[in-house]
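Novice: Kindly generate the corresponding structure for this input.
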Amino acid sequence: MSDPRQRLDTPLTSRRPSLHFDPEAVGQFSESIARFLGTGRYLLWQTVLVVVWITLNLFAVSLRWDPYPFILLNLAFSTQAAYAAPLILLAQNRQENRDKVALEEDRRRAQQTKADTEFLARELAALRLAVGEVATRDYLRRELEEVRDLLQALQPADPQPHHTDGSGRKTKKTSG
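Specialist: Got it, this is the predicted structure:
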């Protein structure tokens, strides 16, 4: 007894049966019709129909169902226009909504790209600063040469001459 339609103390919202339809399906159907109405194929078929209609009603005496001034043909065109205009407007509104969604997505993506670019620029600047503080090979070589020169200047002069062995090491000359 939880269904409100079966409870006597709860009024029904509507006593008439209502039609339930999917707005998206209706929109897609109307867009397909609007797209067809804008094609050359439709114009060709409409032209052929009008030519056949007028030809039969002018020259086929036994088949004249719409004599000149072709009031039934005009009524058919009026009905077609009465339905085509709202269908085309509906299709345009749906396209406009899709364009708005796409524009918002493009804006969001552009903002994200801008933020990513700014972040990468800051990271690159930080790396440049860090690389500027890193010792280079030339800097280390120059510093080592200065240390070597200082060590040589601090060593006392050795009275005995040095000889080098085959490996390039200095050895003291021994008498003997």
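
Novice: which other helices and strands contact the longest helix seen in the chain?
Specialist: The single longest helix within the chain, with elements called by DSSP state H, is helix 71-133. Helices and strands touching helix 71-133, by 3 or more C-beta pairs under 8 Å, 6 or more residues apart in numbering; DSSP states H and E, are helix 23-37, helix 40-59. Quick note: C-beta positions are derived from backbone N, CA and C, even for glycine.

Novice: Out of those, which is closest to residue 136?
Specialist: Closest approach to residue 136 among these (C-beta to C-beta): helix 23-37, 65.3 Å.

Novice: For the closest one, which outside residues touch it?
Specialist: For helix 23-37, contacts defined as C-beta atoms under 8 Å, 6 or more residues apart in numbering pick out 42, 84, 87, 88, 90, 91, 94.

Novice: again, only this time at 10 Å
Specialist: Contacts of helix 23-37 with the rest of the structure, by C-beta atoms under 10 Å, 6 or more residues apart in numbering, involve 22, 42-43, 45-46, 80, 83-95, 97.

Novice: Tell me what angle it forms with helix 40-59.
Specialist: Helix 23-37 runs at 60 degrees relative to helix 40-59, counting by axes from the mean of the first three to the mean of the last three C-alpha atoms, to 10 degrees.

Novice: Report pLDDT for the residue nearest the centre of the chain.
Specialist: The geometric centre of the chain, computed from its C-alpha atoms, lies nearest to residue 106 (C-alpha atoms, centre = their mean), at 6.1 Å. The model reports residue 106 with a pLDDT of 97.
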